[in-house]
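**Q** sequence and predicted structure below; questions after.
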There are 2 protein chains.
Amino acid sequence: MLTLRQLRYLVALAEHGHFGRAAAACNVTQPALSMQIKELEAELDVPLVERGRHGAILTEEGEALAARARALTAGVKDFEDFARERRGVQARRLILGIIPSIAPYLLPTLLPHLQAALPDLELKVRETQTHTLMTELAAGELDAVIAALPLAQDGIEAHALFDDPFLLASPSADPLQAKDPRDLPHDRLLLLEEGHCLREQALGACAISDLSTFGATSLTTLLHLVASGQGITLVPKMAADQIADPRIAVSRFPDPQPHRTIGMAWRAASPRTRKLKEIVRRISEGATA
Amino acid sequence: MLTLRQLRYLVALAEHGHFGRAAAACNVTQPALSMQIKELEAELDVPLVERGRHGAILTEEGEALAARARALTAGVKDFEDFARERRGVQARRLILGIIPSIAPYLLPTLLPHLQAALPDLELKVRETQTHTLMTELAAGELDAVIAALPLAQDGIEAHALFDDPFLLASPSADPLQAKDPRDLPHDRLLLLEEGHCLREQALGACAISDLSTFGATSLTTLLHLVASGQGITLVPKMAADQIADPRIAVSRFPDPQPHRTIGMAWRAASPRTRKLKEIVRRISEGATA
DNA sequence: TAAAAATACTCCATAGGTATTTTAT
DNA sequence: ATAAAATACCTATGGAGTATTTTTA
């Protein structure tokens, strides 16, 4: 008979790729975890992990099953939280994931606002790229994620918060007036590195399918490059509003302005759905006001 | 630490409302199940069940948690099936739920057709009302459900199969020509009893919010009543096509014809998604051809 | 007072720990 | 040669069984 323990261990193993470390993460010894994984493989009659000198790497089936196991353990977490919520001792802590291109601009206004409106809420924030955030959200490590839409996927629901238009940043020494984003000089366009959603969104706005130039690792770096005259880039309005460097010229595109929609996502089964919707309401009201 | 066993027992208890019978269903003794439920209550710190002379009835929290537990255990079942599917020994058995107002008309053509097209499929059919079917689907007791849309809900996805128009059945002795369904004489309208989706759909088509007349328990009974001149009713075309009784006059409504859309639903996490989509494709092609 | 669930207890399966061996690079 | 995982073996926990008591309608 399959047990939750086996699923938890599988998730840990997938996470760490190493029996010893996975075991440590579960507060058990390595043989204990090894045995349970072995047991799981026997029960399912599927090899889940390839053992090797450099730790454990999951087979294709192992990965697929680990993903499902993650969803299941997250579901169990929600089950427990739900019970806690019901008995009145609602979990005050809410762990929120935000992408780096929003966090520094949204949080300074958002945190005090939420703190005042929902004083019995202890917000914890984590900041990384969309992909990682969504994995962690699905695994129940985060309660909600704020990032650019679309975010909905299996078991995850997303709600729009506000639109964030893209502006054009160019060197003041050689300024460029924003017109049709599709007519921007590709060879001067600077972007973030692969994996940042901002890169994909900017490419989308410019109707470029691929650009093989080097990618910066942060928006700040990108703006430094623009300031020093190395090229132009697209900046979300939230970020553009805070540019103080006189060497950067910011210009608005004519309508229809290219933009991304920022939204918030959470597990559809989350027991905090009500509170999360409340937060969505407050943020989107705050944004339009 | 929460265990799957506890969730399974909770589901069984919710199902049977009786510790002894729930235990029997789990192939354990009554004290074993009692202890686990007690343990679960202690862990969650929530009373789940009210013990009484007439068995066990779940508290409000108990019901809510049992519903979640059902979804979780279904997820675990899917996890196991997924592994089986992966290792090639795909489950051939597929348990399909169909509502009574479709089954007798769809199955005779559908079953041979599917049998021929997918010979490695062993279909088992269960026939009850939509509500029961959807509960069983969510609990993993069924693999798919064919009923009138909308069926989508949390964790369940649904696809349209075909439209099924409503026709008007009236006594041949006193026939009524189908015109606007909203103009039908309410006092002559006969319907199924509460809980049958056909009743709600018919009421919807006629734009009636409520009708306090007695309800028949099956479409056949309903048609007998019409045949004997007791009133009129709406019949799905599938059923109407098979009416042989000369005492019943069937007439088609002018466009836009009132209709219901028949669809198929399954758990979004089902490992059989591919095969189920294949079935949807075959049925909807068969319907339009 | 009788059906249903809880308790008392005993037993055994199994998860986990420590020590050690095997494996793969 | 050495890190990593498997194996061997022991212990202890806890889940399940039988027998019995308590509860409640």
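**A** Everything's here; your move.

**Q** any idea how far stretch A:216-231 is from the chain center?
**A** Distance of stretch A:216-231 from the chain centroid (C-alpha atoms, centre = their mean, to the nearest Å) equals 23 Å.

**Q** hey, which helix is longest across chain A?
**A** Selection of the longest helix in chain A by residue count, based on DSSP state H, yields helix A:60-86.

**Q** quick one: list the elements packing against that helix.
**A** Contact here means 3 or more C-beta pairs under 8 Å, 6 or more residues apart in numbering or on different chains; DSSP states H and E; on that basis helix A:60-86 packs against helix A:4-16, helix A:130-138, helix B:30-44, helix B:60-86. The C-beta positions use only the backbone N, C-alpha and C, and glycine is treated the same way.

**Q** name the residues of the shortest one that are buried.
**A** Yep, that's helix A:130-138 we're talking about. Buried residues in helix A:130-138, counted by 16 or more other C-beta atoms under 10 Å in any protein chain shown: A:Thr130, A:Thr132, A:Leu133, A:Met134, A:Glu136, A:Leu137, A:Ala138.

**Q** the first one now?
**A** For helix A:4-16, a neighbour-count test (16+ other C-beta under 10 Å) marks A:Leu4, A:Arg5, A:Gln6, A:Leu7, A:Arg8, A:Tyr9, A:Leu10, A:Val11, A:Ala12, A:Leu13, A:Ala14, A:His16 as buried.

**Q** tabulate the residues you listed (JSON lines), appending pLDDT and distance to DNA strand D.
**A** Formatted as JSON lines, those follow (pLDDT from 0 to 100; distance: C-beta to the nearest atom of the strand, whole Å):
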{"residue": "A:Leu4", "pLDDT": "92", "distance to DNA strand D": "11"}
{"residue": "A:Arg5", "pLDDT": "89", "distance to DNA strand D": "10"}
{"residue": "A:Gln6", "pLDDT": "91", "distance to DNA strand D": "14"}
{"residue": "A:Leu7", "pLDDT": "93", "distance to DNA strand D": "16"}
{"residue": "A:Arg8", "pLDDT": "91", "distance to DNA strand D": "15"}
{"residue": "A:Tyr9", "pLDDT": "90", "distance to DNA strand D": "11"}
{"residue": "A:Leu10", "pLDDT": "91", "distance to DNA strand D": "13"}
{"residue": "A:Val11", "pLDDT": "90", "distance to DNA strand D": "16"}
{"residue": "A:Ala12", "pLDDT": "89", "distance to DNA strand D": "12"}
{"residue": "A:Leu13", "pLDDT": "89", "distance to DNA strand D": "8"}
{"residue": "A:Ala14", "pLDDT": "88", "distance to DNA strand D": "12"}
{"residue": "A:His16", "pLDDT": "87", "distance to DNA strand D": "9"}
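
**Q** dump these to CSV, plus distance to chain B.
**A** What follows is those, written out as CSV (distance: C-beta to the nearest C-beta, whole Å):
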residue, distance to chain B
A:Leu4, 5
A:Arg5, 8
A:Gln6, 9
A:Leu7, 8
A:Arg8, 9
A:Tyr9, 12
A:Leu10, 10
A:Val11, 12
A:Ala12, 14
A:Leu13, 15
A:Ala14, 14
A:His16, 20
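
**Q** returning to that earlier point: any chance of the helices and strands packed on helix A:60-86 in a markdown table, with distance to DNA strand C too?
**A** Conversion of these to a markdown table gives the following (distance: least, C-beta to the nearest atom of the strand, whole Å):
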| stretch | distance to DNA strand C |
| --- | --- |
| helix A:4-16 | 6 |
| helix A:130-138 | 24 |
| helix B:30-44 | 3 |
| helix B:60-86 | 12 |
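
**Q** looking at these, which is closest to B:Trp266?
**A** Comparison of the helices and strands packed on helix A:60-86 against B:Trp266 by C-beta to C-beta identifies helix B:60-86 as nearest, at 10.1 Å.

**Q** and the gap between A:Pro112 and chain B?
**A** Noted for A:Pro112: a distance of 34 Å to chain B, by C-beta to the nearest C-beta, to the nearest Å.

**Q** for the stretch 101-250 of chain A, which segments count as strands?
**A** Counting by DSSP state E, counting those that start in this stretch, the stretch 101-250 of chain A has strands at residues A:122-127, A:144-148, A:156-171, A:191-192, A:215-216, A:233-236, A:248-252.

**Q** so can I have CSV of those showing distance to B:Ala169?
**A** Converted to CSV, those look like this (distance: least, C-beta to C-beta, whole Å):
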stretch, distance to B:Ala169
strand A:122-127, 61
strand A:144-148, 53
strand A:156-171, 43
strand A:191-192, 66
strand A:215-216, 68
strand A:233-236, 62
strand A:248-252, 65
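
**Q** so which of the ones you listed comes closest to DNA strand D?
**A** Closest of the strands of the stretch 101-250 of chain A to DNA strand D is strand A:122-127, at 27.2 Å (criterion: C-beta to the nearest atom of the strand).

**Q** so what's the model's average confidence on stretch A:102-122?
**A** Mean pLDDT, computed over stretch A:102-122, is 82.

**Q** identify each buried residue in that stretch, please.
**A** A:Ile102, A:Ala103, A:Tyr105, A:Leu106, A:Leu107, A:Leu110, A:Leu114, A:Leu118, A:Leu121.

**Q** just the ones of the residues you listed in helices?
**A** Per DSSP H, those map to helices at A:Ala103, A:Tyr105, A:Leu106, A:Leu107, A:Leu110, A:Leu114.

**Q** check contacts around the last one.
**A** To tie it back to what came earlier, the one meant is A:Leu114. A:Leu121, A:Leu123, A:Ile279, A:Arg282 (C-beta atoms under 8 Å, 6 or more residues apart in numbering or on different chains).

**Q** now A:Ala152, nearest residue through space, not along the chain?
**A** Excluding its sequence neighbours, the residue lying closest to A:Ala152 (C-beta to C-beta, 6 or more residues apart in numbering or on different chains) is A:Ala158, at 4.5 Å.
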